[in-house]
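> Got a sequence here, can you build the structure:
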Amino acid sequence: MKLTFTNWMGLSRGANLPTVWTNVIAAWAINAGTGPSLRWMPEWTEISFFNIQTLIWLLIGSSLVYAGGCFLNDACDHQFDQKHRPERPIPSGILSLAQVWTLGIIQLGLGALALIKGAGCSWPWIAGLILCILAYDLIHKKSALGIIFMGGCRSLLWISAGTAASGMSPAPMLYVWAIAVGLYVVGISWFARNESKSRAQQEENENLWERIPIVLLFIVPLIALGYLILWNNLDPIRVFLANVVGLLAGGVAFFAILQMRKPEDGAIGKGVSRLLAGICAVDATALSFHAPLLVGPCVLLGAIAHILQKRFAAT
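Residues are numbered from 1 along each chain as shown. Take a look at the predicted model:
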């Protein structure tokens, strides 16, 4: 079968690509202007540090790595999809299993090459990212530990992108935001595991352990609140932006949780999709302290992600 743009967007979870782009933009911007310690109040980072060529390679490389990982995810899940999601490209016969494996590996390799050679990212971090993606694809349907690898993929993407432009070393603040974004994604993945369960099974799992992801979904706004208190002499513009986009990120999580608690089929899937698009708001929250001029584009990309979800599945 021929691989069309629509098929590629479906296999690559193309609706989520804007969240990948905000990840790499935020990570690069924050690492370019953050201070030497976690308590150091960051200077206002102008976007003049952006090199267009590096940015293009970052966007291309991260998109290919993400798409490759999603292709391999479908390849690993083809037996599950045959029973539960027959509309997916492999069980529906749009592409063969061999084609998806081949395209996934090619995209993953080209994406890694683009990030290392084109964007100048540190190769050990890229290698870690690729291994984490492969580990997630192989075990996520077999072990609950898959959600840890899913969050690790986003954290490693953040750190890898932060080393762009001749391999800048990751700053302490980059690790904070990278781990926070990863934990947010762990929270999403935790809920996503219930997407294929019946309502009765979901109600049986309603215990304290299952409420942990709720905390993870609000972790970035909570960190932002902590830094607003610590950096109490931050300029008014950044204080305003941090409050607005922090509330936006928290609001996305709040209303997504309400959506997932509705007693209707597909409620969890809709809520998870909203949370995935909310990654852009999470990135914007981190950026509000470091590069305020990039907050608007990240919020806009979040809106684009929501629009794309109306045509292409995000999960």
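> Mind listing what's buried along the one helix or strand residue 247 maps to?
In the assignment (DSSP states H and E), residue 247 maps to helix 236-260. Neighbour counts over helix 236-260 (16 or more other C-beta atoms under 10 Å) mark 238-239, 241-243, 245-246, 248-250, 252-253, 256-257, 259-260 as buried. Where you see a C-beta, it was placed from the backbone N, CA and C, and this is true even at glycine.
> Now do that helix: which elements does it pack against?
Here helix 236-260 touches helix 212-217, helix 219-230, helix 267-277, helix 279-287, helix 295-309, going by 3 or more C-beta pairs under 8 Å, 6 or more residues apart in numbering; DSSP states H and E.
> what's the average pLDDT for stretch 18-38?
Taken as a whole, stretch 18-38 has a mean pLDDT of 92.
> where does it sit relative to the chain's centre, distance-wise?
In this view, stretch 18-38 has its centroid 13 Å away from the chain centroid, taken as C-alpha atoms, centre = their mean, to the nearest Å.
> Same question for stretch 223-234.
24 Å.
> any idea where the helices of the stretch 51-200 of the chain begin and end?
52-76, 78-84, 97-113, 123-139, 146-162, 164-167, 172-192, 199-204 (DSSP state H, counting those that start in this stretch).
> re the thing from before, give me whichever of the helices and strands packed on helix 236-260 is most buried.
Greatest average neighbour count among the helices and strands packed on helix 236-260 goes to helix 279-287 (a mean of 30), per mean count of other C-beta atoms under 10 Å.
> what's next to that one, contact-wise?
Where contact means C-beta atoms under 8 Å, 6 or more residues apart in numbering, the residues beyond helix 279-287 that reach it are 16, 18-19, 22-23, 25-26, 29-30, 154, 177, 180-181, 184-185, 220-221, 224, 242, 245-246, 248-249, 252, 294-295, 298-299, 301-302, 305.
> Flag the shaky bits of the stretch 151-300 of the chain, pLDDT-wise.
Within the stretch 151-300 of the chain, the set of residues satisfying pLDDT under 70 comprises 167, 192, 194-210.
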